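Colleague: sequence plus predicted model, see below.
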Amino acid sequence: MDKKFLDKVLDQIVNETTIDYDKERVNVPFLPSLPPFSLPLSSSLFIFSPTSFRFFEHCESVYGLNKEETRYVWNEYVQTIKDKIENNG
C-alpha cells in the first residue's frame, strides 16, 4: 500500500468536501447528485454504510483503489472531517 499516493487521494477528497457551518451541511463529492450531495453537519452520519459504500465506489472508479486502500482513506477522511467540524474549520 503506497500511503504517499493514498494521502494525496485523501487530500483531494477532503479538498472537494465543503462544510457549510451556516446551513449546518457537509457537501461530499462521492454521493451522486447535482450539486454535490449534502449531509447534516452531525459527523455521526459518516458512519452509515450508504455513505461509506458510495465512498468505496468513488475511490475504486476514480482513483483505482482496492478495498484495503479505500478503507485506509475512508478512516482518515472521517477523522479529518470530524476534526474540521469540531474545530469549526
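Modeller: That came in fine, so what should we check first? Residues are numbered from 1 along each chain as shown.
Colleague: what about the strand or helix carrying Y77, distance to the chain center?
Modeller: For Y77, the host element (DSSP states H and E) is helix 67-86. Between the centre of helix 67-86 and the centre of its host chain there is 6 Å, according to C-alpha atoms, centre = their mean, to the nearest Å.
Colleague: give the buried residues for it.
Modeller: Within helix 67-86, the residues that qualify as buried by neighbour count (16 or more other C-beta atoms under 10 Å) are E69, T70, Y72, V73, W74, E76, Y77, V78, I81, K84, I85. Every residue, glycine included, has its C-beta placed from N, CA and C.
Colleague: pLDDT weak spots in this protein?
Modeller: Scanning the chain for pLDDT under 70 picks out 32-51, 89.
Colleague: can you pull the contacts of the most centrally placed residue in it?
Modeller: Central residue of the chain (C-alpha atoms, centre = their mean): Y77, 5.1 Å from the mean position. By C-beta atoms under 8 Å, 6 or more residues apart in numbering, the contact list for Y77 reads L10, I13, V14, F46, F55.
Colleague: reformat those residues as JSON lines; add neighbour count, distance to V62 and secondary structure.
Modeller: JSON lines is the format used below for the contacts of Y77 (neighbours: other C-beta atoms under 10 Å; distance: C-beta to C-beta, whole Å; DSSP: H, G, I helix; E, B strand; the rest coil):
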{"residue": "L10", "neighbour count": "19", "distance to V62": "13", "secondary structure": "helix"}
{"residue": "I13", "neighbour count": "23", "distance to V62": "9", "secondary structure": "helix"}
{"residue": "V14", "neighbour count": "15", "distance to V62": "14", "secondary structure": "helix"}
{"residue": "F46", "neighbour count": "19", "distance to V62": "19", "secondary structure": "helix"}
{"residue": "F55", "neighbour count": "21", "distance to V62": "11", "secondary structure": "helix"}
